[in-house]
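[1] Quick check, what structure comes out for this input:
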Amino acid sequence: MRLKEFEEEVRSLFDENLVERAKNLKKTGNIFNPIFYLFFTRLVELSAIINGIVMPNRYELEELFRTRKDFLQIDYGTIGETIRRAWLFERERGVELTFSNSVEDMLYVLYRMGKLQGKLDGIILKYAEWDKEKLAELYFTILQILIELEDRINREIKGD
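    Below is the predicted model:
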(Lines give C-alpha, C1' and ligand atoms only; values in the text may rest on other atoms or scores of the structure.)
Protein backbone atom coordinates (compact mmCIF):
# COMPACT_ATOMS: atom_id res chain seq x y z
CA MET A 1 0.00 0.00 0.00
CA ARG A 2 1.25 3.47 -0.85
CA LEU A 3 0.15 5.00 2.45
CA LYS A 4 2.64 7.89 2.36
CA GLU A 5 1.38 9.03 -1.06
CA PHE A 6 -2.21 8.67 0.13
CA GLU A 7 -1.47 10.80 3.19
CA GLU A 8 0.18 13.51 1.07
CA GLU A 9 -2.81 13.67 -1.28
CA VAL A 10 -5.26 13.93 1.60
CA ARG A 11 -3.22 16.67 3.28
CA SER A 12 -3.11 18.64 0.01
CA LEU A 13 -6.91 19.03 0.14
CA PHE A 14 -6.70 21.40 3.10
CA ASP A 15 -5.45 24.66 1.62
CA GLU A 16 -4.70 27.72 3.74
CA ASN A 17 -7.94 29.50 2.77
CA LEU A 18 -10.03 26.62 4.11
CA VAL A 19 -7.92 26.41 7.26
CA GLU A 20 -8.23 30.18 7.85
CA ARG A 21 -12.01 30.03 7.42
CA ALA A 22 -12.19 27.12 9.86
CA LYS A 23 -10.12 29.16 12.34
CA ASN A 24 -12.41 32.16 11.88
CA LEU A 25 -15.44 30.00 12.62
CA LYS A 26 -13.84 28.72 15.80
CA LYS A 27 -12.67 32.19 16.90
CA THR A 28 -16.12 33.71 16.47
CA GLY A 29 -17.84 30.89 18.33
CA ASN A 30 -19.73 29.60 15.30
CA ILE A 31 -21.39 26.27 16.02
CA PHE A 32 -20.18 24.69 12.78
CA ASN A 33 -16.77 22.99 12.83
CA PRO A 34 -15.85 21.74 9.35
CA ILE A 35 -12.98 19.58 10.56
CA PHE A 36 -15.24 17.82 13.05
CA TYR A 37 -17.89 17.41 10.34
CA LEU A 38 -15.37 15.68 8.08
CA PHE A 39 -14.05 13.65 11.00
CA PHE A 40 -17.52 12.50 12.02
CA THR A 41 -18.66 11.56 8.50
CA ARG A 42 -15.52 9.52 7.87
CA LEU A 43 -15.75 7.96 11.33
CA VAL A 44 -19.27 6.76 10.49
CA GLU A 45 -18.02 5.30 7.20
CA LEU A 46 -15.13 3.57 8.97
CA SER A 47 -17.52 2.12 11.53
CA ALA A 48 -19.71 0.76 8.73
CA ILE A 49 -16.66 -0.92 7.18
CA ILE A 50 -15.28 -2.32 10.45
CA ASN A 51 -18.67 -3.66 11.54
CA GLY A 52 -19.39 -5.34 8.22
CA ILE A 53 -22.30 -3.09 7.27
CA VAL A 54 -20.40 -2.10 4.15
CA MET A 55 -18.31 -4.75 2.45
CA PRO A 56 -14.85 -3.73 1.26
CA ASN A 57 -15.62 -3.51 -2.44
CA ARG A 58 -15.93 -0.64 -4.90
CA TYR A 59 -19.70 -0.88 -5.37
CA GLU A 60 -20.57 -0.75 -1.66
CA LEU A 61 -18.07 2.00 -0.95
CA GLU A 62 -19.48 4.12 -3.80
CA GLU A 63 -22.99 3.51 -2.43
CA LEU A 64 -21.81 4.68 0.97
CA PHE A 65 -20.43 7.85 -0.62
CA ARG A 66 -23.68 8.42 -2.53
CA THR A 67 -25.71 8.12 0.65
CA ARG A 68 -23.49 10.66 2.39
CA LYS A 69 -23.86 13.04 -0.58
CA ASP A 70 -27.65 12.74 -0.38
CA PHE A 71 -27.57 13.62 3.31
CA LEU A 72 -25.23 16.54 2.63
CA GLN A 73 -27.79 17.96 0.19
CA ILE A 74 -30.47 17.64 2.87
CA ASP A 75 -28.08 19.28 5.35
CA TYR A 76 -27.59 22.25 2.98
CA GLY A 77 -31.34 22.87 2.92
CA THR A 78 -31.63 22.56 6.68
CA ILE A 79 -28.65 24.85 7.27
CA GLY A 80 -30.10 27.45 4.91
CA GLU A 81 -33.40 27.37 6.77
CA THR A 82 -31.59 27.59 10.13
CA ILE A 83 -29.66 30.67 8.98
CA ARG A 84 -32.89 32.26 7.79
CA ARG A 85 -34.60 31.57 11.12
CA ALA A 86 -31.61 32.86 13.09
CA TRP A 87 -31.73 36.06 11.05
CA LEU A 88 -35.49 36.41 11.73
CA PHE A 89 -34.90 35.75 15.43
CA GLU A 90 -32.26 38.49 15.51
CA ARG A 91 -34.56 40.96 13.77
CA GLU A 92 -37.55 40.18 15.97
CA ARG A 93 -35.61 40.30 19.23
CA GLY A 94 -33.09 42.98 18.30
CA VAL A 95 -30.27 40.72 19.47
CA GLU A 96 -27.35 39.82 17.24
CA LEU A 97 -26.15 36.25 17.68
CA THR A 98 -22.40 35.63 17.56
CA PHE A 99 -23.31 32.97 15.00
CA SER A 100 -24.04 35.79 12.54
CA ASN A 101 -20.52 37.18 12.74
CA SER A 102 -19.16 34.26 10.75
CA VAL A 103 -22.00 33.24 8.44
CA GLU A 104 -19.93 34.18 5.39
CA ASP A 105 -17.09 31.89 6.50
CA MET A 106 -19.57 29.15 7.32
CA LEU A 107 -21.24 29.34 3.91
CA TYR A 108 -17.86 29.29 2.19
CA VAL A 109 -16.77 26.21 4.14
CA LEU A 110 -20.10 24.48 3.54
CA TYR A 111 -19.81 25.14 -0.18
CA ARG A 112 -16.30 23.68 -0.16
CA MET A 113 -17.43 20.68 1.90
CA GLY A 114 -19.18 18.93 -0.98
CA LYS A 115 -16.21 19.33 -3.30
CA LEU A 116 -13.76 18.38 -0.58
CA GLN A 117 -15.69 15.24 0.29
CA GLY A 118 -15.86 14.31 -3.41
CA LYS A 119 -12.11 14.72 -3.82
CA LEU A 120 -11.52 12.70 -0.66
CA ASP A 121 -13.80 9.97 -2.02
CA GLY A 122 -11.73 9.90 -5.20
CA ILE A 123 -8.48 9.61 -3.27
CA ILE A 124 -9.88 6.76 -1.18
CA LEU A 125 -11.00 4.91 -4.32
CA LYS A 126 -7.63 5.52 -5.98
CA TYR A 127 -5.70 3.90 -3.13
CA ALA A 128 -8.26 1.36 -1.96
CA GLU A 129 -7.37 -2.28 -1.74
CA TRP A 130 -10.46 -4.37 -1.29
CA ASP A 131 -9.51 -5.80 2.05
CA LYS A 132 -11.28 -4.69 5.23
CA GLU A 133 -8.07 -4.02 7.19
CA LYS A 134 -6.36 -2.12 4.37
CA LEU A 135 -9.44 0.01 3.72
CA ALA A 136 -9.74 0.71 7.46
CA GLU A 137 -6.08 1.80 7.47
CA LEU A 138 -6.90 4.48 4.86
CA TYR A 139 -9.72 5.75 7.04
CA PHE A 140 -7.58 5.77 10.18
CA THR A 141 -5.01 7.81 8.25
CA ILE A 142 -7.68 10.35 7.27
CA LEU A 143 -8.87 10.59 10.88
CA GLN A 144 -5.31 11.12 12.09
CA ILE A 145 -4.80 13.92 9.55
CA LEU A 146 -8.03 15.60 10.66
CA ILE A 147 -7.07 15.36 14.34
CA GLU A 148 -3.68 16.90 13.56
CA LEU A 149 -5.34 19.67 11.53
CA GLU A 150 -7.80 20.44 14.34
CA ASP A 151 -4.91 20.51 16.81
CA ARG A 152 -2.97 22.91 14.56
CA ILE A 153 -5.97 25.22 14.32
CA ASN A 154 -6.45 25.19 18.10
CA ARG A 155 -2.75 25.93 18.72
CA GLU A 156 -2.77 28.81 16.21
CA ILE A 157 -5.88 30.32 17.81
CA LYS A 158 -4.30 30.14 21.27
CA GLY A 159 -1.19 31.82 19.83
CA ASP A 160 -3.16 34.70 18.28
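[2] tell me which element residue 92 falls in.
    helix 58-93 (DSSP states H and E).
[3] surely residue 41 meets residue 68?
    Yes. Assessed by CB atoms under 8 Å, residue 41 is found in contact with residue 68 at 5.9 Å. Every C-beta, even on glycine, is put in place using the N, C-alpha and C of the backbone.
[4] what touches both of these two?
    Counting by CB atoms under 8 Å, 6 or more residues apart in numbering, the common neighbours of residue 41 and residue 68 are residue 117.
[5] on that earlier part again, buried sites along the helix holding residue 92?
    For helix 58-93, burial by neighbour count (16 or more other CB atoms under 10 Å) applies to 61, 64-65, 68, 72, 83.
[6] repeat for stretch 101-119
    Using 16+ other CB under 10 Å as the test for burial, stretch 101-119 gives 101-103, 105-110, 112-113, 116-117.
[7] Which ones among those map onto helices?
    Counted as lying in helices by DSSP state H, out of the buried residues of stretch 101-119, are 103, 105-110, 112-113, 116-117.
[8] biggest separation within those, which pair?
    The widest separation within these, taken as CB to CB, falls between 103 and 117 and amounts to 21.1 Å.
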